[in-house]
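# With the input below, show me the fold.
(chains A and B)
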Amino acid sequence: MSRGKPDLPQGTLDLLVLKTLSLGPMHGYGIGQRLQQIAENMLQIEEGSLYPALYRIEQRGWISASWGVSENNRRARFYSLTASGRKQLKAEREQWSYLTLAVNKVLGA
Amino acid sequence: MNFLHVFWKRLLAFGKSESIHSEMDEEFAFHIQKKAEDLRSRGVSEAEAFRIASASFGRQISLHEEGIAARGAGVLEDCWRDLHFSLRLLAKSRARTLILVATLAVSIAMSAAMFGVFRAVVLRPLPFDDAESLFILHQANRTGRGGVSYPHYRDWKAASSAFGDMAVFSSGDAIVSVNERAERLAGATISANVFALLRVSPLRGRLFRPEEDRLGGGEGGERPVLISEGYWRSRMGSREDIVGQHVSVDGFPFRIAGVIPSRFAFPFASRPISFWTTVAVDAEPFYYGGSIPSSRGYPRYDGVLARLRRGATASAAEADLKRIAAAVEKANPGTTTLNDIVMLKALDDLVGDTRAYLQILYGAVLAVLLVSCANASTLFLVTALSRRREFGIRSALGAQPSRLLRQVLLENTCLGLLSGLLAIPLSYALVTLCVALAPPETPRLADVRVDAVVFLYALGISLLTGLLAGCLPALFSMRRDVQTDLRTAGQLADGSRASMRAGAILIVAQIAVCTVLACGAGVLAQSFLRVLNTPRGFDPHSVTTATIDLPISHYPQGSNRVRNYYRSLIRELEKQPGIASVSIAERVPLSGGMNNTTFQIAGRERSNLITTDLCFVDEHYFDTLRIPLVSGRLIRFSDDEKHPPVAVVNRAFAQRFLSGESAEGKFLKLGWGGDAPKQIVGVIADLKNKAFDIQAAPQVYVPAAQFPNNGMAVLIRTSSSLHDAVIILRQAASRVDPSVPVDRVKTLDEYLVLSVATQRFLLALFILFAGSTVLIAAIGLYGLLAYATQKRYREFGIRMALGSRPAQLLQLVLRQGLILAAVGIAIGSLLAVPATRLMSQWLYETRPGDWHNLVLPGTVLLATAFAASFFPARRASRVDPLLAIRAE
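This next block holds a predicted model:
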């Protein structure tokens, strides 16, 4: 994250990547851009965290990767959400809601 | 589930790390390009855009590392690389690797071969359904167990509540002929329900029916016979119309009722059973007058097969049998000396005796394996010491201890596996050797083979050995101080002293185990030689024997035809040149056969608890075997059916039962061998019928002419070779009656060796094991001393420069080696005493605790230790002080 914006815990990045890919397949650069767009620039993902996260999730089988042609006719590696990834996304979303609810409860007390 | 998925992915990525790296390069390059484009579209200059885009990626090296860690083969690839490295290292020190692999391979092969034998003979359960519920019952008394008589069987079957079904069985040879071709085969007499009890289904035809146990109960009045699958395929050509065919057994026609599958050919023995007849044959009138089914005194059958009722326990069954035995004895007093019932699990009955000594051999071979393992460990330790510098450097460069440990273990496991692979063809050879040396009567010997299970065992053992041998050096390689490792490449510092101490302890342990095995071999050898050289009371040399079995169909029991056959045979043989003496006897001494009977001395009280050995012989017997006469006279030609019945006893009989009084003139009534009382006419010297008898048993000899037997052994004393003797015998027999074959031609010397077959087997294997361990320990001792000497080179150089003589240095190193050996021998000797006692069952007049048992093995070991220490010692004495001090 750039200076001033808070750090994302590692597990949360996975969740965001899965969500981003649920909107459609994309290559690595595009994922970063899309995330930034949707978060209205409140988040900025560094390449140094993005790619390791992508590889990790790919290894777990939640996303699959294949080489394709980008919009500017160059070879790029495209990632897409798998069926088990969809399930994982749902599960992690629930976990996230639960966690934030709990934390807010404590903070609000 | 996810774990499996990840594992699978990693496996697929094996060897692909190059392509993964280039993929990442391409992916990152694309990312940088796109980012630069976006920046340019916002107005940044091309060069600046590219710089910013690249910088945002940061250290690509660590990204690559993380990427490979996530996507690559990970641990698998590391292991592979370590393996590669290990193999290259092993290839560099070829001599050491070769010796190590060879010694490990030999011991792995030996233990795999022994396992193969043990498994096939002892461990393998019987192939029958619910084999755990099958038991074999025998009549027995305090001295041992015997067979079972038919009336006893019927009583037990009727009275037993714990056993669901019972059957009798007995194996025996007979002449089977089909289409003019006759051969002697192993067969069995069984009650009709044996195979039904065993739940065996026939391959063709049917099993026996219950009524076929009665005389004349066969289909159409014919005698039924079952044949084995092996006989059906090899002698009957697997013909489909086999049921209903006829074969002749001992001259009588039988009708084939069914075929039994080979693996269920009960009872199991060393020779497979080819045919089965029912107990009806024993009721035939020409067979002891049809008295077998009612004779309580004749335990004709090998045993009773019984299946435990479902829900009954073995201990309840035993108690039940005790009760039955007591009841039977009470109801029939004085009919037999075997009044107890002994019950054994069917498998134990078959392999129990063999298991006892095979267990010892298996234990011994595991000891060899341990020695080999310890040896490998010592050599690994020594090597690890010389690689401490390498490990020190790697450690300093950041290698984790677990990684180094993994590499050491991998290297040693690798060696272990390599040895295992080499061991497999070697174990084939060893198994063949074992089978050739094993006592011929070992059950299921024909089933011993090196198969997949033995294969897996060998590989498993080699893996374990490698791991075990490697863990000690691995542990040592872990606890080290990097600084000291890097500095003390040439000297012995504290860390390596601990390793050397460990090495010394291992050597002492190896030598101790060696000593135990060597003592075992020594004790067995002594016992074996004693047995062979003990005077037996007769002269076994130059005597050739053969057996003849006259078929009852042409030679009715006890008839003149039997007498005349043997008389003619002897006459024919006496005519031949080169024959010093010919005789016939019911059995050959030392051949393992035996016959005994109850007896009553006239004027004395009758006792049914005492039996004596019995043998039917002709008038030449004592002459052929050169048994001296003590008093009275020997059996004469005139002691035939027209003259009063006589008998000759041996000295042991006279001393035991006629104490002091003169034996000649007394009358003896035998339970078997003729009803009329026999007058004792002479006493002969004792002879030992069984190889391991310490004392001769009491024996009675009855003239064969007064009680002819159909089956007799022919003994000829001749200087001819065995080959010529066979020809002479066969020709003579064919001149008397060409339809009677001459079987089992062997010299008495061969029987002598066969009678100690178990001891010979034990001795041969123990010599092999002891020899291997001595060699292995010697190699280990040499290796350890050689390394220690090399490391002390500098020290020796200084000593020499300061005035030590070469001889003193030689002594120094020699002393080291001999002290290690002496300690090992001392410990081993102490352990050898209880260890050799385990073998007392197979020892002859050799006390395991004797001191002089240890002398020879101890000397051999010390001499070997001397030889092993000599070469490093000599190198020490040849140190050039100038070179040594300078070299570092």
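
# CA only for contacts and neighbour counts going forward, please
OK.

# what's the average pLDDT for the helix or strand where residue B:431 lies?
For residue B:431, the element it lies in under DSSP states H and E is helix B:401-437. Average pLDDT, helix B:401-437: 85.

# Would you mind checking the average pLDDT for the next helix or strand after that helix?
Using DSSP H and E, the helix or strand that follows helix B:401-437 in sequence is helix B:452-478. Per-residue pLDDT over helix B:452-478 has a mean of 83.

# As a quick check, tell me the outermost residue of chain A.
Ranked by distance from the centre of chain A (Cα atoms, centre = their mean), the top residue is residue A:109, with 31.5 Å.

# Provide a list of residues in contact with that one.
Not one residue lies near residue A:109 by Cα atoms under 8 Å, 6 or more residues apart in numbering or on different chains.

# Which pLDDT value goes with it?
Per-residue confidence (pLDDT) for residue A:109: 74.

# Find the centremost residue of chain A, please.
residue A:17 (1.3 Å).

# Write out the residues of chain B neighbouring chain A.
By the rule Cα under 8 Å from any Cα of the partner chain, the part of chain B lying against chain A is B:2, B:5-6, B:9, B:26-27, B:30-31, B:34-35, B:56-58, B:63, B:66-67, B:70-71.

# if we can go back for a sec, what's the helix or strand for the residue nearest to the centre of chain A?
Going by DSSP H and E, residue A:17 is in helix A:10-22.

# tell me what the next helix or strand along the chain from that helix is packed against?
Using DSSP H and E, the helix or strand that follows helix A:10-22 in sequence is strand A:26-27. With contacts taken as 3 or more Cα pairs under 8 Å, 6 or more residues apart in numbering or on different chains; DSSP states H and E, strand A:26-27 sits against strand A:75-81.

# same question for the strand it packs on, mean pLDDT?
92.

# Check the offset of it from the chain's centre.
Here the centre of strand A:75-81 is set off from its chain's centre by 14 Å, with Cα atoms, centre = their mean, to the nearest Å.

# now do stretch B:811-825
With Cα atoms, centre = their mean as the basis, stretch B:811-825 stands 36 Å off its chain's centre.

# List the buried residues for that stretch?
B:811, B:813, B:814, B:815, B:817, B:818, B:820, B:821, B:822, B:823, B:824, B:825 (16 or more other Cα atoms under 10 Å in any protein chain shown).

# mind putting those in JSON lines, secondary structure and pLDDT included?
What follows is the buried residues of stretch B:811-825, written out as JSON lines (DSSP: H, G, I helix; E, B strand; the rest coil; pLDDT from 0 to 100):
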{"residue": "B:811", "secondary structure": "helix", "pLDDT": "88"}
{"residue": "B:813", "secondary structure": "helix", "pLDDT": "87"}
{"residue": "B:814", "secondary structure": "helix", "pLDDT": "90"}
{"residue": "B:815", "secondary structure": "helix", "pLDDT": "90"}
{"residue": "B:817", "secondary structure": "helix", "pLDDT": "90"}
{"residue": "B:818", "secondary structure": "helix", "pLDDT": "92"}
{"residue": "B:820", "secondary structure": "helix", "pLDDT": "91"}
{"residue": "B:821", "secondary structure": "helix", "pLDDT": "92"}
{"residue": "B:822", "secondary structure": "helix", "pLDDT": "93"}
{"residue": "B:823", "secondary structure": "helix", "pLDDT": "94"}
{"residue": "B:824", "secondary structure": "helix", "pLDDT": "93"}
{"residue": "B:825", "secondary structure": "helix", "pLDDT": "92"}
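
# isn't residue B:223 right up against residue B:216?
Yes: Residue B:223 lies in contact with residue B:216 (Cα atoms under 8 Å); the separation is 7.2 Å.

# Could you check how many residues crowd around residue B:642?
9 (other Cα atoms under 10 Å in any protein chain shown).

# Which strand or helix spans it?
Residue B:642 belongs to no helix or strand when elements are defined using DSSP H and E.

# Would you mind listing the residues in contact with it?
Counting by Cα under 8 Å, 6+ apart, residue B:642 has no contacts.

# Give me the subset of the residues of chain B next to chain A lying in helices.
Among the residues of chain B next to chain A, the residues falling in helices (DSSP state H) are B:2, B:5-6, B:9, B:26-27, B:30-31, B:34-35, B:63, B:66-67, B:70-71.

# Type out the PyMOL command that picks the buried ones from those residues.
The following PyMOL line selects those of those that are buried, judged by 16+ other Cα under 10 Å:
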select buried, chain B and resi 6+9+27+30+31+34+35+63+66+67+70+71
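
# what about the chain, any weak spots by pLDDT?
Using chain A. A:1-6, A:10 (pLDDT under 70).

# meant chain B actually
Within chain B, the stretches with pLDDT under 70 are B:1-2, B:477-496, B:606-609, B:691-694, B:848-849, B:887-888.

# Quick check, central residue of it?
residue B:358 (4.6 Å).

# State the helix or strand in which that residue lies.
Using DSSP H and E, residue B:358 falls in helix B:346-386.

# Residue B:125 now?
Assessed by DSSP H and E, residue B:125 sits outside every helix and strand.

# how near is it to chain A?
Look at residue B:125 and chain A: by Cα to the nearest Cα, to the nearest Å, they are 47 Å apart.

# you'd agree residue A:84 is up against residue A:58?
No: look at residue A:84 against residue A:58 with Cα under 8 Å: they stay out of range, at 11.3 Å.
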